[in-house]
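*Asks:* Structure for the following, please:
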Amino acid sequence: MAAPLDLELKKAFTELQAKVIDTQQKVKLADIQIEQLSKTKKHAHLTDTEIMTLVDETRMFILQSKGVIHNQLLEKQRIAEEKIKELEQKKSYLERSVKEAEDNIREMLMARRAQ
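*Replies:* Here you go, the predicted model:
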């Protein structure tokens with residue numbers, strides 16, 4: 001009776017280990033993407049701040065009106081913020097799924113010890 005349980009536990013541990021490694025890679029990727037999007041958002045904000053300080057008649061290096069550029073930069077910031085939220089939710093889901101898998105294995109171990 002012990003042999004099938006041992007094989008079952010070994011299989012569960014192997015699956016958990018693979019899941020943890022895969023999840024860690026996905027979480028790291030999400031962190032990198034969040035960092036990049038945060039930089040993009042900050043860059044758009046700083047650019048918008050600088051352009052809005054220019055006098056309306058200034059057309060030194062901009063080919064469009066300040067209003068058009070302002071709207072484009074606000075849209076860029078909004079899109080980056082939405083993607084950051086999505087990535088944070090995905091990251092949270094991944095972390096929860098690994099925790100649930102770990103809890104399931106703990107329950108299996110507890111059940112085995114109780115026998």
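*Asks:* Quick one: list the elements packing against the top helix by length along the chain.
*Replies:* Longest helix of the chain, by residue count under DSSP state H: helix 2-52. If you count contacts as 3 or more Cβ pairs under 8 Å, 6 or more residues apart in numbering; DSSP states H and E, helix 2-52 packs onto helix 66-114. Bear in mind the C-beta positions are built from the backbone N, C-alpha and C, glycine included.
*Asks:* packing partners for the helix it packs on?
*Replies:* For helix 66-114, where contacts count as 3+ Cβ pairs under 8 Å, 6+ apart, the packed elements are helix 2-52.
*Asks:* from the middle of its chain, how far away would the longest helix of the chain be?
*Replies:* 6 Å (Cα atoms, centre = their mean, to the nearest Å).
*Asks:* Need the per-residue pLDDT for the closest residue to residue 37 other than its chain neighbours.
*Replies:* Nearest residue to residue 37 in three dimensions, chain neighbours excluded: residue 80, at 4.6 Å (Cβ to Cβ, 6 or more residues apart in numbering). On the pLDDT scale, residue 80 is placed at 96.
*Asks:* since we're on residue 80, how many residues are nearby?
*Replies:* By other Cβ atoms under 10 Å, 21 other residues sit near residue 80.
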